[in-house]
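[1] return atomic coordinates for the entry below.
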Amino acid sequence: MSDPITFENSSARFGLPLLFVGQAQKEAFVNEALSLLDGLVHCAIEAELANPPSTPTDGMAWLVAPNPSGDWLGHAGKLALRQAGQWLYVSPRDGMRVLNKGSGQEARMIAGSWRAPLPPTQASGGSIIDAEARTMLADLVLALREAGIFAT
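    Okay, the predicted model is just below:
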């Protein structure tokens with residue numbers, strides 16, 4: 001039988017609080033972890049802003065822009081999740097995806113920056129040109145842009 005795994009106070013990737021033996025008020029730690037998960041799973045942000053919205057609603061999220069102010073001061077580049085009337089801040093990790101509801105664009109965190117998938121280069125040249133195939137591919141790329149899959 002292998003030895004049991006021992007944990008620190010929080011999870012490695014997103015700092016979710018973990019319970020420990022004999023811990024008082026376990027519900028506070030569990031509720032914080034569930035609130036973070038609620039905001040991060042299939043994350044959809046309203047927009048990227050430098051100033052917190054005046055009337056945020058629980059369950060909404062924003063990407064904090066450079067040079068933030070107010071409650072967001074010192075949290076540039078983080079996700080600001082509104083949960084239980086307060087702000088929870090999460091540093092994005094590589095591989096994380098968000099949907100920006102304001103722009104309708106998906107983005108993925110790669111090497112510390114948000115990137116939208118780029119569309120393929122339009123076909124040009126070649127010794128045999130199939131105009132119908134090129135038109136179909138251009139229409140497909142346009143549809144994928146409108147769906148928010150490729151950057152515009």
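[2] what's the domain layout of this protein?
    With domains defined by automatic domain parsing, the chain comprises 42-112, 117-152.
[3] hey, least reliable of those domains by pLDDT?
    For the domains of the chain, mean pLDDT drops lowest on domain 117-152, to a mean of 78.
[4] so Glu32: helix, strand or coil?
    Following DSSP: H, G, I helix; E, B strand; the rest coil, the label given to Glu32 is helix.
[5] about what we covered before: now render the domains of the chain as TSV, adding distance to Asn31.
    From N, CA and C alone the C-beta is placed, and that goes for glycine too. Shown next, in TSV, are those (distance: least, Cβ to Cβ, whole Å):
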stretch	distance to Asn31
domain 42-112	8
domain 117-152	32
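[6] who wins for proximity to Lys26 among the ones you listed?
    Lys26 lies closest to domain 42-112 among the domains of the chain, at 16.9 Å (Cβ to Cβ).
[7] so how far is that closest one off the chain centroid?
    Taking Cα atoms, centre = their mean, to the nearest Å, one finds domain 42-112 lying 8 Å from the centre of the chain it belongs to.
[8] mind listing the strands for this protein?
    For the chain, the strands defined by DSSP state E cover 44-45, 48-49, 61-64, 79-83, 86-90, 97-100, 105-110, 113-115.
[9] what comes into contact with the fifth one?
    Identification of contacts with strand 86-90 by Cβ atoms under 8 Å, 6 or more residues apart in numbering yields 14-15, 32, 35-36, 39-40, 52, 64, 71-72, 75, 78-82.
[10] could you measure from the residue sitting furthest away from the middle of the chain over to Pro119?
    The centre of the chain is farthest from one residue, Ser127, which by Cα atoms, centre = their mean lies 43.5 Å away. Applying Cβ to Cβ, to the nearest Å, the value for Ser127 to Pro119 is 24 Å.
[11] now do Ala28
    Using Cβ to Cβ, one gets 46 Å for the distance from Ala28 to Pro119.
[12] more neighbours, the two?
    Taking Ala28 and Pro119 together and counting by other Cβ atoms under 10 Å, Pro119 has the greater number of neighbours (16 against 11).
[13] please list all residues in contact with that one.
    For Pro119, the contacting residues are Val141, Leu144, Arg145, Phe150, Ala151, by Cβ under 8 Å, 6+ apart.
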